[in-house]
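Engineer: Sequence and predicted model, in that order:
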Amino acid sequence: MSGPTVIVLAGGRGERFAASGGSSHKLQAPLLGKTVLQHTLDAVRASALPWHLEDSGQPGMGDSIAAAVRSTAQAAGWLILPADLPLIHSATLRAVATALKNHAVVLPIYRGQRGHPVGFSASCREALLALKGDHGAAAVVRSYPAFELVVNDAGCVTDIDTLDDLRLAERLMVALRAAP
(Lines give C-alpha, C1' and ligand atoms only; values in the text may rest on other atoms or scores of the structure.)
Protein backbone atom coordinates (compact mmCIF):
# COMPACT_ATOMS: atom_id res chain seq x y z
CA MET A 1 0.00 0.00 0.00
CA SER A 2 1.30 3.48 -0.91
CA GLY A 3 0.80 6.76 0.93
CA PRO A 4 -2.21 9.03 0.47
CA THR A 5 -3.04 9.98 -3.10
CA VAL A 6 -4.03 13.49 -4.12
CA ILE A 7 -7.23 13.32 -6.15
CA VAL A 8 -7.47 16.40 -8.38
CA LEU A 9 -11.14 16.90 -9.28
CA ALA A 10 -11.30 18.44 -12.76
CA GLY A 11 -14.61 17.20 -14.12
CA GLY A 12 -16.92 20.10 -13.26
CA ARG A 13 -18.71 22.13 -15.90
CA GLY A 14 -17.57 25.57 -14.72
CA GLU A 15 -20.97 27.14 -15.37
CA ARG A 16 -20.54 30.05 -12.93
CA PHE A 17 -17.29 31.02 -14.65
CA ALA A 18 -18.99 31.10 -18.04
CA ALA A 19 -21.94 33.03 -16.58
CA SER A 20 -19.52 35.64 -15.21
CA GLY A 21 -18.16 36.29 -18.72
CA GLY A 22 -15.39 33.70 -18.96
CA SER A 23 -14.60 32.76 -22.55
CA SER A 24 -13.05 29.37 -21.74
CA HIS A 25 -13.52 26.66 -19.13
CA LYS A 26 -12.23 28.03 -15.83
CA LEU A 27 -9.52 25.37 -15.60
CA GLN A 28 -8.15 26.49 -18.98
CA ALA A 29 -8.29 30.19 -18.11
CA PRO A 30 -4.89 31.90 -18.32
CA LEU A 31 -3.31 32.95 -15.03
CA LEU A 32 0.15 34.54 -15.19
CA GLY A 33 1.38 32.48 -18.11
CA LYS A 34 -0.21 29.13 -17.23
CA THR A 35 -3.70 27.75 -16.99
CA VAL A 36 -5.50 27.53 -13.66
CA LEU A 37 -5.24 23.72 -13.88
CA GLN A 38 -1.49 23.84 -14.60
CA HIS A 39 -0.85 25.95 -11.48
CA THR A 40 -2.78 23.43 -9.38
CA LEU A 41 -0.99 20.44 -10.92
CA ASP A 42 2.39 22.13 -10.44
CA ALA A 43 1.74 22.34 -6.69
CA VAL A 44 0.56 18.72 -6.61
CA ARG A 45 3.70 17.55 -8.42
CA ALA A 46 5.90 19.64 -6.12
CA SER A 47 4.37 17.89 -3.10
CA ALA A 48 5.94 14.58 -4.28
CA LEU A 49 2.73 12.77 -3.31
CA PRO A 50 1.10 10.27 -5.66
CA TRP A 51 -1.79 11.86 -7.53
CA HIS A 52 -4.70 11.13 -9.83
CA LEU A 53 -6.46 13.58 -12.16
CA GLU A 54 -10.20 12.84 -12.18
CA ASP A 55 -11.64 14.39 -15.33
CA SER A 56 -13.87 11.59 -16.61
CA GLY A 57 -17.00 13.76 -16.65
CA GLN A 58 -18.96 12.07 -13.86
CA PRO A 59 -22.46 13.50 -13.22
CA GLY A 60 -21.62 14.96 -9.79
CA MET A 61 -18.79 15.63 -7.36
CA GLY A 62 -19.69 12.60 -5.26
CA ASP A 63 -19.58 10.40 -8.35
CA SER A 64 -16.19 11.89 -9.29
CA ILE A 65 -14.72 11.22 -5.86
CA ALA A 66 -16.04 7.62 -5.88
CA ALA A 67 -14.59 7.03 -9.38
CA ALA A 68 -11.20 8.39 -8.35
CA VAL A 69 -11.10 6.30 -5.17
CA ARG A 70 -11.96 3.22 -7.26
CA SER A 71 -9.08 4.10 -9.60
CA THR A 72 -6.66 4.42 -6.68
CA ALA A 73 -8.07 1.69 -4.45
CA GLN A 74 -4.67 0.67 -3.05
CA ALA A 75 -3.91 4.12 -1.64
CA ALA A 76 -3.53 4.52 2.10
CA GLY A 77 -5.79 7.57 1.95
CA TRP A 78 -6.86 10.45 -0.26
CA LEU A 79 -6.53 14.21 -0.38
CA ILE A 80 -9.53 15.58 -2.27
CA LEU A 81 -8.43 18.71 -4.13
CA PRO A 82 -10.66 20.66 -6.52
CA ALA A 83 -8.62 21.60 -9.61
CA ASP A 84 -9.61 25.27 -9.35
CA LEU A 85 -7.24 26.08 -6.46
CA PRO A 86 -4.22 27.46 -8.33
CA LEU A 87 -2.62 29.07 -5.26
CA ILE A 88 -2.52 25.90 -3.13
CA HIS A 89 0.89 25.31 -1.54
CA SER A 90 2.59 21.95 -1.90
CA ALA A 91 3.49 22.24 1.80
CA THR A 92 -0.23 22.24 2.66
CA LEU A 93 -0.69 19.02 0.69
CA ARG A 94 2.21 17.42 2.57
CA ALA A 95 0.90 18.68 5.94
CA VAL A 96 -2.55 17.16 5.34
CA ALA A 97 -0.93 13.88 4.23
CA THR A 98 1.20 13.81 7.39
CA ALA A 99 -1.81 14.51 9.64
CA LEU A 100 -3.66 11.57 8.02
CA LYS A 101 -1.22 9.23 9.79
CA ASN A 102 -3.07 10.00 13.04
CA HIS A 103 -6.58 11.02 11.96
CA ALA A 104 -9.43 9.59 9.84
CA VAL A 105 -10.35 12.97 8.33
CA VAL A 106 -8.20 16.11 8.12
CA LEU A 107 -9.66 19.55 7.36
CA PRO A 108 -7.23 22.38 6.58
CA ILE A 109 -8.34 25.63 8.21
CA TYR A 110 -7.15 29.05 7.06
CA ARG A 111 -8.18 32.01 9.23
CA GLY A 112 -11.21 30.11 10.52
CA GLN A 113 -12.36 28.97 7.07
CA ARG A 114 -12.40 25.33 5.95
CA GLY A 115 -10.29 24.71 2.89
CA HIS A 116 -8.88 21.99 0.66
CA PRO A 117 -7.59 19.42 0.26
CA VAL A 118 -9.70 17.46 2.68
CA GLY A 119 -7.81 14.35 3.72
CA PHE A 120 -9.40 10.93 4.21
CA SER A 121 -7.65 7.88 5.62
CA ALA A 122 -8.12 4.36 4.27
CA SER A 123 -10.76 3.78 6.96
CA CYS A 124 -13.05 6.07 4.90
CA ARG A 125 -12.68 4.01 1.68
CA GLU A 126 -16.12 2.37 1.66
CA ALA A 127 -17.90 5.61 2.53
CA LEU A 128 -16.07 7.44 -0.27
CA LEU A 129 -16.85 4.66 -2.76
CA ALA A 130 -20.56 5.03 -1.94
CA LEU A 131 -20.71 8.74 -2.79
CA LYS A 132 -23.09 9.93 -5.52
CA GLY A 133 -24.54 13.21 -6.69
CA ASP A 134 -23.43 16.80 -6.21
CA HIS A 135 -22.80 16.87 -2.47
CA GLY A 136 -19.18 15.76 -2.47
CA ALA A 137 -17.86 14.14 0.68
CA ALA A 138 -19.55 16.32 3.33
CA ALA A 139 -21.47 13.32 4.71
CA VAL A 140 -18.22 11.39 5.12
CA VAL A 141 -16.64 14.32 6.98
CA ARG A 142 -19.62 14.36 9.37
CA SER A 143 -19.36 10.59 9.94
CA TYR A 144 -15.79 10.56 11.25
CA PRO A 145 -13.93 12.56 13.87
CA ALA A 146 -12.32 15.33 11.85
CA PHE A 147 -9.02 16.95 12.78
CA GLU A 148 -8.80 20.66 11.99
CA LEU A 149 -5.30 21.45 10.75
CA VAL A 150 -4.55 25.17 10.90
CA VAL A 151 -2.51 26.23 7.86
CA ASN A 152 -1.00 29.49 6.65
CA ASP A 153 -2.12 29.08 3.05
CA ALA A 154 -4.75 31.38 1.52
CA GLY A 155 -4.51 29.10 -1.53
CA CYS A 156 -6.48 26.39 0.23
CA VAL A 157 -9.56 28.65 0.22
CA THR A 158 -8.97 30.65 -2.99
CA ASP A 159 -10.93 28.86 -5.70
CA ILE A 160 -11.83 30.11 -9.15
CA ASP A 161 -15.56 30.25 -9.83
CA THR A 162 -15.87 33.63 -11.60
CA LEU A 163 -13.77 36.12 -13.56
CA ASP A 164 -13.55 38.21 -10.37
CA ASP A 165 -12.07 35.18 -8.56
CA LEU A 166 -9.51 34.83 -11.35
CA ARG A 167 -8.53 38.50 -11.02
CA LEU A 168 -8.20 38.12 -7.23
CA ALA A 169 -6.01 35.03 -7.67
CA GLU A 170 -3.79 36.98 -10.06
CA ARG A 171 -3.41 39.85 -7.58
CA LEU A 172 -2.56 37.41 -4.78
CA MET A 173 0.00 35.58 -6.93
CA VAL A 174 1.67 38.85 -7.91
CA ALA A 175 1.79 39.93 -4.26
CA LEU A 176 3.26 36.55 -3.19
CA ARG A 177 5.95 36.78 -5.84
CA ALA A 178 6.86 40.30 -4.73
CA ALA A 179 7.05 39.38 -1.03
CA PRO A 180 10.55 38.94 0.42
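Structural biologist: Cool, got the structure.
Engineer: longest single helix anywhere in the protein?
Structural biologist: When the chain is parsed with DSSP state H, its longest helix is helix 163-178.
Engineer: what packs against that helix?
Structural biologist: strand 30-31 (3 or more C-beta pairs under 8 Å, 6 or more residues apart in numbering; DSSP states H and E). All C-beta atoms are positioned from the backbone trio N, CA, C, and that covers glycine.
Engineer: I'd like the next helix or strand past the strand it packs on.
Structural biologist: strand 34-35 (DSSP states H and E).
Engineer: now the strands: where do they sit in this structure?
Structural biologist: When secondary structure is read from DSSP state E, the chain shows strands at 5-9, 30-31, 34-35, 51-54, 77-82, 105-110, 113-114, 118-121, 146-150.
Engineer: would you turn these into JSON lines with mean neighbour count and mean pLDDT?
Structural biologist: As requested, these are exported to JSON lines (neighbours: other C-beta atoms under 10 Å; pLDDT from 0 to 100):
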{"stretch": "strand 5-9", "mean neighbour count": "25", "mean pLDDT": "98"}
{"stretch": "strand 30-31", "mean neighbour count": "16", "mean pLDDT": "94"}
{"stretch": "strand 34-35", "mean neighbour count": "16", "mean pLDDT": "96"}
{"stretch": "strand 51-54", "mean neighbour count": "20", "mean pLDDT": "97"}
{"stretch": "strand 77-82", "mean neighbour count": "26", "mean pLDDT": "98"}
{"stretch": "strand 105-110", "mean neighbour count": "21", "mean pLDDT": "98"}
{"stretch": "strand 113-114", "mean neighbour count": "12", "mean pLDDT": "97"}
{"stretch": "strand 118-121", "mean neighbour count": "26", "mean pLDDT": "98"}
{"stretch": "strand 146-150", "mean neighbour count": "16", "mean pLDDT": "97"}
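Engineer: Turn those into a markdown table, including distance to Asp159.
Structural biologist: Shown next, in a markdown table, are these (distance: least, C-beta to C-beta, whole Å):
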| stretch | distance to Asp159 |
| --- | --- |
| strand 5-9 | 11 |
| strand 30-31 | 12 |
| strand 34-35 | 15 |
| strand 51-54 | 16 |
| strand 77-82 | 6 |
| strand 105-110 | 12 |
| strand 113-114 | 11 |
| strand 118-121 | 13 |
| strand 146-150 | 18 |
